[in-house]
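*Asks:* need a structure here:
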Amino acid sequence: MTLFKHVLLASHGTPGAVAAENMALRVCASEGMIDHLIVVPEFWQGMTGDDWLNNGVTRNQFNDYLQTELGKEVDQQCDRLQHKVSAHAFNYHSLIFFGKPDQALLECTKKQAYDLIVLGSSRPRRMPGLPVLRSAMLTKQLITAIQTATLIVPYPE
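*Replies:* Below is the predicted model of the structure:
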C-alpha cells in the first residue's frame, strides 16, 4: 500500500468522518503529518435569536453563548483527534474554519501542498435516528477544482 507523508483530513466527528480518520491513519507514512480540517458551517450564524421578542442585549448574550458552545465542541473534536493521531506517532495540526466546508477545503489546498486528501462520503439519506442535515463538503465545485489525490471513504455500515 502506498503511504502518504502529508495528509489533509476533513473530520467533524460524525460516523462517516471517523471512518475517514481511521483511513487517514492507515495511509499516513511513518512520522507523517495529518492536517485536520474542521469547519463550522455558516448556517450557525443565523441562530442568533433575531426576532422581535429579543432585544439587542439578549441577542448578543445568546450569540456569545452559541459561539462559546461551538468553540467547546470544536476543541473537543480537535483534542480527540490529536490524541488519536499522536498514538500512531504522526504529527497533527488543526485547521479551523467558519463558512462553507467545500470552500474551506479548497482554501487549504491553495495554501499548502498535500499528498492526499481524505474525506468521508456523504451520509445515506433518511437514516433512522439521525438528523436530516447532511454535510455539504462534496460539491460539484470541489470535485472539479481539486488538484490533489482524494480518497473518499465509504460511510460505515
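*Asks:* rest of the way, CA atoms for contacts and neighbours
*Replies:* Will do.
*Asks:* Determine how far stretch 141-157 lies from the middle of the whole chain.
*Replies:* On the basis of Cα atoms, centre = their mean, to the nearest Å, stretch 141-157 sits 13 Å off its chain's mean C-alpha point.
*Asks:* Counting neighbours, which bits of that stretch end up buried?
*Replies:* Neighbour counts over stretch 141-157 (16 or more other Cα atoms under 10 Å) mark Thr150, Leu151, Val153, Tyr155 as buried.
*Asks:* will you turn the residues you listed into TSV that also has secondary structure and distance to Leu119?
*Replies:* Below are the buried residues of stretch 141-157 laid out as TSV (DSSP: H, G, I helix; E, B strand; the rest coil; distance: Cα to Cα, whole Å):
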residue	secondary structure	distance to Leu119
Thr150	strand	8
Leu151	strand	6
Val153	strand	6
Tyr155	coil	10
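*Asks:* Now do the longest helix along the chain, average pLDDT.
*Replies:* The helix that spans the most residues within the chain, counting by DSSP state H, is helix 56-87. The predicted model gives helix 56-87 an average pLDDT of 87.
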